[in-house]
Every structure is written in C-alpha cells, then in structure tokens.
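J.: starting from these lines, generate the structure:
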Amino acid sequence: MSTAAKQRIAQLRTKIEQHNHRYYVLDDPSIPDAEFDKLFRELQTLEAQHPELLTADSPTQRVGGKVLDGFAPVRHAVPMLSIRTETDISDQGAIAFDARVRKELGKPDAIIEYACELKFDGLAISLRYENGILVQAATRGDGETGEDVTQNVRTIHQIPLRLKDCEVPVLEVRGEAYMSRPDFDRYNEGQRTRGLSTLVNPRNGAAGSIRQLDPTIAAQRPLSFFAYALIENPDPSKEFIWEKYFEGQAHLESQGNILQKLKSLGFPVADETRIVHGAEGLVGFHQHIAQIRNSLPFDIDGVVYKVNSLALQAQLGFVSREPRWAVAHKFPAEEQMTVVRDIDIQVGRTGKLTPVAKLEPVFVGGTTVSNATLHNEDETRRKDVRIGDTVIVRRAGDVIPEVVGVVLDPSIPQGERKEEGRFDLFKRLHGKCPVCGSAIVREEGEANWRCTGGLFCPAQRKEALLHFASRRALDIEGMGEKLVEQLVEQQLVHTPADLYRLDLPTLANLERMGEKSANNLLEAITRSRQTTLARFIYALGIRNVGEATAKDFARHFGTLDNLMAADETRLQQVSDVGPVVAQSITAFLAEPHNLEVIAQLRASGVNWAEHEGERVEMLPLSGKIFVLTGALSMNRDEAKERLEKLGAKVSGSVSKKTDYVVAGAEAGSKLAKAHELNVTVLDEQQFTQLLKEQESA
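T.: Below you'll find the model as predicted:
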C-alpha cells in the first residue's frame with residue numbers, strides 16, 4: 001500500500017466534501033465546476049489504482065450533498081444517479097463513447113441510435129404526480145435521498161400543477177430547474193438598483209432559489225424548467241398499467257418517445273434535442289451545439305448522449321454509480337481559477353477607463369486567458385478584487401473574459417480585509433490618464449472614469465479623427481476607417497489639426513490611395529476649412545454634446561470664444577443644457593491639450609461665420625418639439641435644419657411633450673402613437689406651409 005496515495009486520497013476526500021457542502025448545502029460555491037471535476041477525477045483514478053483504499057463513505061460512491069435541516073427528506077423510489085463525464089472534450093470523446101457502447105453490446109459493426117440532449121447548468125429536480133396532480137418536488141440530494149422543495153417548485157410557471165388529460169395513479173418526471181441569462185441579468189440589475197446583493201451566475205441563482213426556506217423569496221426569482229426523463233412506475237405499491245392511461249401503449253420504447261410524451265403532457269423540452277445515428281451523428285451534434293452555445297438564452301456546459309432504445313439501455317445496465325448507456329460530453333470550461341498578478345487600467349477609444357486584471361495565464365473557454373475585464377471601479381470594489389487574490393475567471397465564446405468573483409482564504413473573513421487594500425482608480429492614476437496625462441473625470445451618475453484629452457489622447461486618436469471627419473461634423477469625404485488607421489499607425493496624424501498639414505506625396509504613398517485619390521482627399525480637406533460653428537463644436541467630440549446641443553451652443557453664444565469663456569452656470573442657461581453637459585464642456589476645455597489643438601485648427605484656416613448670439617426663445621418655433629416620420633419628398637436633413645433655425649427641436653420619438661408629428665407616406669407606429677396621444681399631425685403640404693409662414697415672419 002502506498003503511503004503517499006493514502007494521504008492524497010484522504011486529502012482529496014476532505015476537499016471534495018468541503019466543496020460539496022458549500023455547493024449543495026450553503027449554495028455558495030468557492031471554486032468553478034471544472035476545478036471540482038479535476039479533484040473528483042483525480043480521486044476516481046487513485047481509487048481505481050488502489051482498490052484496497054476504496055471505502056463506502058468516499059465521495060465517489062455517492063452523487064453528493066446532504067439534506068438541509070430546513071427541508072423534509074424525500075427518499076427517491078428510483079435513485080437519481082449521475083452520469084459519467086467524458087473527459088476528452090474533442091470529437092474523440094463522442095467517438096470513444098460510441099465504440100464503448102458497441103463493444104459492451106457485442107455489436108462492433110452496428111450503427112447505434114442515440115438521443116442527444118443538452119447538459120443544462122441548473123439544478124436537477126424530480127416531480128411526483130398522483131392522479132395527474134403535482135404532489136411533491138424533490139432535489140437530487142445524494143441520489144438516494146433529496147429535499148422536499150414542493151412549495152418553491154410550484155412558483156416555476158413552466159411546471160404544470162396538473163397534467164393535461166392524464167390521471168395516472170403515480171408518475172415521476174425529472175428535469176432541470178434553471179435561470180435564463182436574460183432573467184439573470186434583469187434580476188441582478190434590479191438588485192443593484194435597490195442596493196442589494198447580486199447572484200454570482202445563473203446556476204447559483206437557480207440552486208439558491210429552489211433551496212430557499214421562504215417560498216416567497218423563491219417566487220421573486222425567475223426560474224425555468226426543462227424535462228428530460230420520465231419514470232414509468234416509480235411506486236410499485238400503486239396500481240399502474242401503462243396502456244390503460246396512454247392510448248394503448250404498453251410502454252415507451254425509447255428516450256425519443258419519452259421526450260415526445262413529456263411534451264404531450266405539457267412539459268417544456270429543449271428544442272435542440274436530436275435523434276442521431278452512430279459516432280458521426282454524435283460528433284455532428286456536439287459540433288453544432290458548440291457553435292450555437294453562446295446564442296442560447298440559458299447556460300449549458302456540454303451535451304448528453306443516451307442510447308435511444310430503452311431495451312438496449314436495460315441490456316447495458318449500470319456500473320457503480322453511472323449508467324453505461326449515457327455520457328455527458330462537456331465543452332471547454334467557461335470558468336477557471338487563477339491569480340491576479342496586477343490590475344492595469346486601459347483607455348478605450350472613447351476615453352473610458354477600464355480596470356483589467358492581469359492574470360496568471362489559465363486555459364478557459366477554449367483558449368488561454370491572461371487578461372480579464374473588471375468593467376469599472378464600482379464593479380471592482382463590489383467584488384473586492386485585489387492584487388494577489390485568487391479569482392474565478394469566466395469566458396463564454398467570443399465574450400471578453402471577466403472576473404466573476406474572489407475565492408477568499410476561509411481563515412480571513414470578508415469583513416476583515418483591510419480597507420486600504422481596496423482598488424481606487426483615481427488614486428492609482430493620481431487623477432491623470434495613463435496614456436496622455438490629461439485629467440480624468442467621473443460624471444455624476446456615471447460608473448466610468450474618462451480621460452478628458454479627447455483631441456490629444458493617443459488611445460482615442462482613431463475615434464477622434466473619424467468623428468471629426470464624419471458627414472455631420474467637418475464632412476471630409478474619403479476619410480474612412482482604413483485610411484485613418486494608416487495615418488495613425490504610420491504616425492502621420494496625431495490630432496485633427498495634423499490633417500491640414502498633409503500633402504500629396506504623403507497621401508499618394510499610402511496603401512490603396514494613388515495620386516487621384518490623394519488629390520480628391522486633399523480637396524475634401526480644403527473644403528472642410530469653411531464650416532459652421534455648430535459643426536465645429538460637434539466635431540470636437542465633447543462627451544454628451546451631440547449635433548443638436550452643438551447647434552444650441554452656436555446659436556446661444558454666437559462665437560467660439562464666448563463659448564470657451566462660459567462657466568457651468570452660463571452654459572446651463574442654454575436650452576436643454578443641464579449640469580452633466582455643462583460639466584463635460586468645462587472639463588474638456590480645462591484640458592490644455594484640447595485648447596492647443598483648437599488653436600492649431602483655427603491657425604490652419606478652419607473658419608466659420610460668427611455673430612453676437614441670439615436669444616433662442618425669441619425664434620418663431622422656440623420650445624416646439626417636432627417628430628418626422630414616413631417618406632417625405634423634402635430631404636430629412638433639410639427639414640431638420642430648417643426647423644432648428646426656427647428654434648424647434650426635432651425628436652426621434654413621440655411623447656406627451658411632442659407638439660407636432662410630420663407624417664409622410666407610409667408613416668407607421670409614430671403616427672399611430674400621435675393619434676393615441678392627441679398630438680397634432682401635419683401632412684407634408686401643411687408642414688411646408690408652416691415653414692414658409694414662420695420663415696417669412
């Protein structure tokens with residue numbers, strides 16, 4: 001007997017039981033499922049190598065978990081056993097299962113028919129019906145004994161309380177309670193709004209909801225259910241003649257029949273289930289589900305293959321705690337544990353500052369991950385992620401990896417972590433952008449810190465240039481994304497002012513340009529020098545300052561110097577400008593880099609007509625809100641511009657505040673909404689007449 005093996009087996013059993021307790025009893029898992037599976041498989045391997053060390057109380061000899069003291073125990077008439085997990089997540093896992101089935105059936109050349117299902121990431125539930133009425137719901141528990149959770153399960157609307165056209169003396173249905181991703185997101189958003197704790201993931205949400213001692217709490221959590229098994233006669237003490245109750249059928253012959261019968265009884269069954277043939281069919285199903293996995297509205301961590309014929313299932317039988325006729329074929333784990341080496345702060349193309357955890361590389365979601373987003377300062381502090389922490393990282397498909405939570409040392413309670421160790425973005429950066437050194441700000445009500453060096457910051461350079469050259473800004477035709485990328489990557493342009501220093505030889509040497517295209521671009525840049533104040537303000541890309549607000553500022557102040565000299569109080573005197581917009585303007589103009597670029601643009605010849613400013617409230621349509629809908633013979637931009645010159649606002653949606661809806665041909669929902677709210681509707685002829693009257697007034 002190996003002393004080292006004996007010690008390791010004892011270690012593993014202790015660890016697994018601790019994790020089982022947290023997972024099943026406390027509903028507070030401390031490690032990802034994939035990490036637990038590793039420990040379990042290691043114990044299975046060691047026990048197989050040293051059978052003399054196998055004991056009846058080993059975690060491998062039961063499904064896992066204990067009944068909570070608050071729930072009555074339920075003895076399963078037919079044990080709820082788990083199925084084997086195929087450790088090879090490649091196509092070979094499916095091929096190996098098919099080969100094993102054919103070998104154990106003694107049919108090496110047969111093409112076996114399989115029922116393929118999804119492996120849901122929720123909580124297994126058994127439902128007992130007597131005379132068609134739901135009388136009991138139980139969790140899996142340890143496979144032999146579960147917990148009575150009937151009152152909580154009754155809150156799941158997808159589970160029928162009475163079966164359709166069925167009064168079987170006793171019937172048992174098994175399936176998975178789960179929380180969909182949209183429901184999970186909505187629930188957590190509501191919790192955050194109310195300042196309450198959120199759920200870690202949908203699986204934890206489902207398990208925690210079902211096992212709430214207070215059913216009213218469970219009812220507040222949106223759960224769903226998929227059925228996948230039906231036990232024909234779970235209670236031999238009660239009379240049961242299958243054909244008497246189910247249209248002459250002596251019994252169900254296949255798993256496919258069972259799924260169809262479950263549907264006919266009113267249970268939801270996943271649409272993605274398929275009947276396939278042979279290893280080729282299994283591989284195809286696994287690949288197909290892997291491709292659509294992240295588009296499903298619920299979490300899965302693999303697929304399940306079952307020999308379709310119940311007769312063949314009976315022939316194959318069971319080994320230890322698992323059926324020989326079924327296997328779970330997992331996908332790459334979407335959650336893994338690793339350590340935070342550092343917390344970096346990245347600057348996005350719009351100036352948003354995002355904390356990013358620099359990780360010990362870990363294989364998760366099919367790829368090696370060394371960075372994971374922490375989203376923003378609030379999320380980082382809420383999860384209390386710190387350098388040196390062990391964390392759970394999640395990656396689903398193409399989704400950016402994120403830190404789900406911290407795995408704390410159980411010897412250090414959460415409340416005893418020192419406050420000074422918590423993440424503080426502003427202090428970490430000393431209030432400066434890590435890329436350009438400009439000041440960073442966080443607007444009231446915003447979750448994100450942002451860099452104020454919009455025209456200067458290299459991280460925002462491409463976005464700033466594209467916005468500056470866009471049609472509604474300086475309208476530089478030909479200044480597209482690929483060209484901007486070349487100009488920035490070759491360091492030919494650093495700020496919008498550099499566009500006016502470009503020459504023909506420089507542009508002609510760029511990829512896919514040539515002399516003609518370069519000439520056309522230079523002409524467009526030259527034309528853009530003559531613009532309007534409103535377009536110039538909008539082109540600066542100041543946060544919260546859209547096209548309409550830029551026009552309001554241009555009308556109100558008349559000159560750029562007047563605008564730049566205004567404080568927040570004066571800025572808020574402009575129609576519809578509140579403290580958020582005013583703060584954005586002052587923060588942008590307080591940054592010397594931005595002022596320098598503005599001065600360079602003016603020195604490059606960018607100009608516009610200026611005036612003394614006008615009182616917007618004196619314009620003919622001041623304060624009036626218009627909505628344009630349907631096909632108009634007048635250009636939509638022209639109509640909008642003429643309205644705004646008269647002091648009106650143009651909105652994209654109809655509300656009680658709307659004064660006029662201008663309806664062209666084939667106007668739809670906006671016109672209907674106008675009639676519903678008794679808003680004045682103008683056809684195009686009436687609208688044109690109104691414009692003429694007001695413009696001549």
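
J.: show me how far stretch 434-451 is from its chain's centre.
T.: Using C-alpha atoms, centre = their mean, to the nearest Å, the mean C-alpha position of stretch 434-451 is found 24 Å from that of the whole chain.

J.: no wait, stretch 512-527
T.: Relative to its parent chain, stretch 512-527 has a centroid offset of 42 Å by C-alpha atoms, centre = their mean.

J.: ok, stretch 569-583 next?
T.: On the basis of C-alpha atoms, centre = their mean, stretch 569-583 sits 34 Å off its chain's mean C-alpha point.

J.: swap in stretch 675-690?
T.: Distance, stretch centre to chain centre, for stretch 675-690: 42 Å (C-alpha atoms, centre = their mean).

J.: start and end of that stretch, how far apart?
T.: Length of stretch 675-690, first residue to last, C-alpha to C-alpha, to the nearest Å: 20 Å.

J.: what mean pLDDT would you report for that stretch?
T.: Mean per-residue pLDDT for stretch 675-690: 92.

J.: give me the contact list for it.
T.: With C-beta atoms under 8 Å, 6 or more residues apart in numbering as the test, stretch 675-690 has contacts from 632-634, 639, 654-656, 658-664, 671, 673-674. For every residue, glycine as well, the C-beta is placed using N, CA and C.

J.: show the buried residues in those residues.
T.: The neighbour-count criterion (16 or more other C-beta atoms under 10 Å) marks 632, 634, 639, 654, 658, 660-664, 671, 673-674 among the contacts of stretch 675-690 as buried.

J.: now those residues in TSV, with distance to Glu463 and secondary structure?
T.: Formatted as TSV, those follow (distance: C-beta to C-beta, whole Å; DSSP: H, G, I helix; E, B strand; the rest coil):
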residue	distance to Glu463	secondary structure
Leu632	32	coil
Met634	33	coil
Ala639	29	helix
Val654	32	coil
Thr658	33	coil
Tyr660	36	strand
Val661	35	strand
Val662	34	strand
Ala663	37	strand
Gly664	34	coil
Leu671	37	helix
Lys673	35	helix
Ala674	37	helix
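
J.: my read: Ser197 touches Gln191, true?
T.: Yes. Contact status for Ser197 versus Gln191: in contact at 6.5 Å, counting by C-beta atoms under 8 Å.

J.: and Val339, how many residues sit next to it?
T.: A count of nearby residues for Val339, using other C-beta atoms under 10 Å, gives 14.

J.: quick one: it is in a strand?
T.: Yes. Val339: assigned to a strand according to DSSP: H, G, I helix; E, B strand; the rest coil.

J.: sec struct for the residue nearest to Ala328 when sequence neighbours are not counted, please.
T.: Closest residue to Ala328 apart from its sequence neighbours, by C-beta to C-beta, 6 or more residues apart in numbering: Thr85 at 4.8 Å. Under the three-state scheme (three-state DSSP), the conformation of Thr85 reads as strand.

J.: how much space separates Thr85 from Ala34?
T.: Distance check for Thr85 against Ala34: by C-beta to C-beta, to the nearest Å, it reads 11 Å.

J.: cool, and Lys516?
T.: On the measure of C-beta to C-beta, Lys516 and Ala34 end up 58 Å apart.

J.: these two: which is more packed in?
T.: A count of neighbours by other C-beta under 10 Å puts Ala34 above the other of Lys516 and Ala34, at 17 against 9.

J.: and that one, what is it in contact with?
T.: Applying C-beta under 8 Å, 6+ apart, the residues near Ala34 are 333, 335-336.

J.: recalculate using a threshold of 6 Å.
T.: 333, 336 (C-beta atoms under 6 Å, 6 or more residues apart in numbering).

J.: look up how far Val364 lies from it.
T.: 8 Å.

J.: which neighbours do these two share?
T.: With C-beta under 6 Å, 6+ apart, Ala34 and Val364 have common neighbours Gln336.

J.: circling back: okay, Ser197 and Gln191: which has more neighbours?
T.: Taking other C-beta under 10 Å, Ser197 and Gln191 do not tie; Gln191 has more neighbours (13 against 9).

J.: correct me if wrong: that one contacts Val200.
T.: No. The criterion here is C-beta atoms under 6 Å, and Gln191 misses it with Val200 at 12.0 Å.

J.: okay but Gln572 is in contact with Ala582, surely?
T.: Yes. Contact status for Gln572 versus Ala582: in contact at 5.1 Å, counting by C-beta under 6 Å.

J.: who has more neighbours out of these two?
T.: Neighbours were tallied for Gln572 and for Ala582 using other C-beta under 10 Å; the higher tally belongs to Ala582 (20 against 15).

J.: all helices of the stretch 251-400 of the chain, in order?
T.: Counting by DSSP state H, counting those that start in this stretch, the segments of the stretch 251-400 of the chain that form helices are 255-264, 278-292, 310-316, 377-383.

J.: so which elements touch the first one?
T.: The helices and strands touching helix 255-264, judged by 3 or more C-beta pairs under 6 Å, 6 or more residues apart in numbering; DSSP states H and E, are strand 224-231.

J.: could you redo the last one with a cut-off of 10 Å?
T.: Here helix 255-264 touches strand 113-120, strand 171-178, strand 224-231, strand 274-277, strand 300-307, helix 310-316, going by 3 or more C-beta pairs under 10 Å, 6 or more residues apart in numbering; DSSP states H and E.

J.: kind regards, and thank you for your time.
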